[in-house]
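Engineer: With the input below, show me the fold.
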Amino acid sequence: MTIAVASGKGGTGKTTVAVNLARVLDQPVQLFDCDVEEPNVHLFLKGTQQGEDVVSIPVPVVDEKLCDACGECSRFCEYHALVSFGTKPLFFPEMCHGCGGCTKVCPRKAISEQGHRIGLVETMQAGDITLVTGRLDVGVAMAPPLIRAVKARRQGGLTAILDAPPGTSCPVIATLRDTDAVVLVTEPTPFGLNDLKLAVDMVRELRIPFGVVVNRVGVGDERVHAFCREQSIPILLEIPDDRRIAEAYSRGELVVEALPEYRSQFMQLWKSITTGLVEKTEVTHANL
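Structural biologist: All right, here's what the predicted structure looks like:
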């Protein structure tokens, strides 16, 4: 089973939910930090580094001796990574998606490919948790290829929890694809509600079952709860605005270890995800 924890905006407590949920399972679990531009899950886990792998994407290399400046590669590339003005093509690696199409359309076979590094995938073992972290290199513009490389470390048979990037852009879509359920973490503020609505539209478009965790309950108003009632969205967990949680977070501690009374709440969250979202969806699909 693969569960993604996402949010419409940053700072809602998405990583807090993901890492504490993984800890209370008390079984082997894979935790993926897919927020490759700002990974931070490792700050809350004490473990042993298992290794790291360089991730590259294939980018074109033009042999100017063979190239006749026909411009076919430039016309094919929708992302304008190759540009030709009746001359040998100019190449912009930061815009290349590594699709390989330019090598196929070049009539003179003047284009080959070479690896272009975009980042690292790191693995750490912390008790029952195997943490897989993506770390995008500085200056690299595209996160989705690295996110796909992180998800490729998924081991069949193990529960997987994905800590998604914030927002609703391409990196989030790349993280959420092929997951069994999504937990959307929000806060009861006007900004939280606005971005929750965007996230709800995104997940519905992807047709993935989802529920909401409301963090810092007590700091705002009831509009998030009213929206969830109107839209028939299950609220899976409410986390109060507890100063002790913020203090534990600032020390890099897990909530369920610093404040054991919250352990049962995260265990109930997992039960709500598995029985209220995943199993119910499986039954619905089986009856179609």
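Engineer: OK, contacts around M124?
Structural biologist: Residues in contact with M124, defined by Cβ atoms under 8 Å, 6 or more residues apart in numbering, are 42, 45, 47-50, 130-131, 133. C-beta here means a position set from N, CA and C on the backbone, and glycine is covered the same way.
Engineer: Quick one: the residues you listed as TSV, columns for distance to F76, secondary structure and neighbour count too.
Structural biologist: Compiled in TSV, these are given as follows (distance: Cβ to Cβ, whole Å; DSSP: H, G, I helix; E, B strand; the rest coil; neighbours: other Cβ atoms under 10 Å):
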residue	distance to F76	secondary structure	neighbour count
H42	40	helix	19
L45	44	coil	18
G47	45	coil	14
T48	46	strand	8
Q49	42	strand	11
Q50	40	strand	12
T130	40	strand	21
L131	39	strand	25
T133	35	strand	22
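Engineer: Which members of those residues are the farthest-apart pair?
Structural biologist: T48 and T133 (13.7 Å; Cβ to Cβ).
Engineer: can you put the contacts of M124 in a markdown table and add distance to R263 and pLDDT?
Structural biologist: Formatted as a markdown table, these follow (distance: Cβ to Cβ, whole Å; pLDDT from 0 to 100):
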| residue | distance to R263 | pLDDT |
| --- | --- | --- |
| H42 | 22 | 97 |
| L45 | 16 | 97 |
| G47 | 20 | 95 |
| T48 | 24 | 96 |
| Q49 | 27 | 95 |
| Q50 | 27 | 95 |
| T130 | 21 | 98 |
| L131 | 20 | 98 |
| T133 | 25 | 98 |
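Engineer: Looking at those, which is nearest V62?
Structural biologist: Closest to V62, out of all of the contacts of M124 and judged by Cβ to Cβ, is T133, at 34.7 Å.
Engineer: dump the residue contacts of that closest one.
Structural biologist: 32-33, 39, 41-42, 121-124, 150 are the contacts of T133 under Cβ under 8 Å, 6+ apart.
Engineer: could you measure it against G119, distance?
Structural biologist: Using Cβ to Cβ, to the nearest Å, we find T133 at a distance of 10 Å from G119.
Engineer: For I161, list each beta-bridge partner.
Structural biologist: Applying DSSP bridges to I161 yields these beta-bridge partners: I3, L31.
Engineer: so how many other residues sit close to it?
Structural biologist: The tally of other residues near I161 (other Cβ atoms under 10 Å) stands at 25.
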